[in-house]
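Engineer: fold the following.
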Amino acid sequence: MKYNKLGQTGIEVSELCLGTMLWGTQNTSAEAFYQADTALAAGVNFMDTAQMYPVNPLSAATQGDSERVLGEWLAQSGKRDQVVVATKVAGNGIKYIRDGAGISRAGILAAVEASLKSLQTDYIDLYQLHWPNRGSYHFRQNWHFDPTKQNKAEVLDHMGEVLEVCDELQKAGTVRAFGLSNESAWGTAQWLRVSEEKGLPRVASIQNEYSLLCRLYDTDLAELSHNEEVGLLSFSPLATGILSGKYLDGAMPEDSRATLAHGLGGRLTPRLDAATRAYVTIAQDYDLDTCQMALAWCRTRPFMASAIFGARTNDQLANALASVDVTLSDECLRDIERAHKLHPMPY
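Structural biologist: Below you'll find the model as predicted:
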């Protein structure tokens, strides 16, 4: 397992991050504890959760359970000092969280207090804004994204307010570093500019979707990551399991995520099979497991801080952890680029 710097914070995180968004719905507490123990033993020192988790389905009844399960493991294992814990404050639109209100000073303070209690810890290593108040083009919203309703002055004022709260939390010792999620290049640049102008905490990372099938990060955000030392924490690096090939030709395996999340958040499109089959074929040509190839490819990206994977079964967990031993040949990487050019945006 290799470790990467988290922005300019001095925190080092493993190249793989254990995602917990299924803990409390598709994973029991016992299964979650096994995942945490096994991942830590394999060298994973980074675990990611969120105020709104678990998913599949999202519900008021289970909201926050992923944090609570992680907190129970942290308390029982006694290994808090060995883990970089990341969580997030939910953005606007979820009615049972702050009545759907967006991120604000009061919202952050209340959410941090609740997360600390759930996680049974005195501090959070990385606190992230799950999505921006002003809107986002992520989760297939890129097809109709319209930023013309944004008011720049209001956006910048909001950023200043949030960073001031972050500064207070950092000085209090309850949060070590801050990050973004579902952000754009312009938005991230403004967060950095406001922090520099006001002497406030600097964002360390961006958690956006990134995989062989979703490469929106490759242009403006990649440039920003390199020049500003803000690394990517890629979520869904296996494209919600699509890259395993298990959904090819309309297949719907029992207990799979697609049986609970219809359409996999807009990912199941008529273009998907051809793109998925292209990567499955490449993996077969080089005698590789497709999921391991996908995770190994993430490690080759120069802006990657960590790839966040989740597991529903022990086999999936073991398979993902073993990907750190996979090195892709130059020929394999060239074939992957050819496939990307043929299937640049399947969803």
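Engineer: rest of the way, CA atoms for contacts and neighbours
Structural biologist: Fine.
Engineer: now the helices for the stretch 201-347 of the chain?
Structural biologist: Secondary structure of the stretch 201-347 of the chain, counting by DSSP state H, counting those that start in this stretch: helices at 220-228, 272-285, 290-300, 314-321, 330-342.
Engineer: test my guess that Glu88 contacts Ala50.
Structural biologist: No Glu there; residue 88 is Lys. Yes - between Lys88 and Ala50 there is a contact at 4.5 Å, judged by C-alpha atoms under 8 Å.
Engineer: what's the most buried one of the helices of the stretch 201-347 of the chain?
Structural biologist: When the helices of the stretch 201-347 of the chain are scored by mean count of other C-alpha atoms under 10 Å, the highest mean neighbour count falls to helix 290-300 (a mean of 22).
Engineer: sorry, back to before: select, out of the helices of the stretch 201-347 of the chain, the one closest to Ile242.
Structural biologist: Checking those against Ile242 by C-alpha to C-alpha gives helix 272-285 as the closest, at 7.2 Å.
Engineer: neighbouring contacts of the closest one?
Structural biologist: Here helix 272-285 makes contact (C-alpha atoms under 8 Å, 6 or more residues apart in numbering) with 213, 242-245, 248-249, 289-290, 293, 332, 335-336, 339, 343, 346-347.
Engineer: rerun that using 6 Å as the cut-off
Structural biologist: 248, 290, 343, 346 (C-alpha atoms under 6 Å, 6 or more residues apart in numbering).
Engineer: how about those residues in JSON lines, adding pLDDT and distance to Pro132?
Structural biologist: Putting the contacts of helix 272-285 into JSON lines (pLDDT from 0 to 100; distance: C-alpha to C-alpha, whole Å) gives the following:
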{"residue": "Leu248", "pLDDT": "98", "distance to Pro132": "34"}
{"residue": "Thr290", "pLDDT": "98", "distance to Pro132": "33"}
{"residue": "His343", "pLDDT": "98", "distance to Pro132": "29"}
{"residue": "Pro346", "pLDDT": "97", "distance to Pro132": "25"}
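Engineer: now the buried members of the residues you listed.
Structural biologist: For the contacts of helix 272-285, a burial check counting by 16 or more other C-alpha atoms under 10 Å picks out 290, 343, 346.
Engineer: torsion angles phi and psi at the last one?
Structural biologist: Note on Pro346: backbone dihedrals following degrees, to the nearest 10 are phi -70, psi -10.
Engineer: contacting residues for it?
Structural biologist: Pro346 makes contacts with 271-272, as judged by C-alpha under 6 Å, 6+ apart.
Engineer: how close does it get to Trp297?
Structural biologist: Distance of Pro346 to Trp297, given as C-alpha to C-alpha, to the nearest Å: 18 Å.
Engineer: and if you look at the second one?
Structural biologist: Separation of His343 from Trp297 (C-alpha to C-alpha): 17 Å.
Engineer: likewise for Ile282?
Structural biologist: With C-alpha to C-alpha as the criterion, Ile282 and Trp297 are 12 Å apart.
Engineer: for Leu268, same thing?
Structural biologist: Remark: distance between Leu268 and Trp297 (C-alpha to C-alpha) = 22 Å.
Engineer: quick one: closest of the helices of the stretch 201-347 of the chain to Ala204.
Structural biologist: Nearest of those (C-alpha to C-alpha): helix 220-228, 9.3 Å.
Engineer: how far is that closest one from where the chain is centred?
Structural biologist: On the basis of C-alpha atoms, centre = their mean, to the nearest Å, helix 220-228 sits 18 Å off its chain's mean C-alpha point.
Engineer: bridge partners for the spatially most central residue of the chain, pull those for me.
Structural biologist: The residue lying closest to the centre of the chain (C-alpha atoms, centre = their mean) is Phe235, at 3.4 Å. Phe235 has these beta-bridge partners by DSSP bridges: Glu209, Ile308.
Engineer: re earlier: any chance of CSV for the contacts of helix 272-285, columns distance to Lys95?
Structural biologist: Putting these into CSV (distance: C-alpha to C-alpha, whole Å) gives the following:
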residue, distance to Lys95
Leu248, 35
Thr290, 38
His343, 37
Pro346, 31
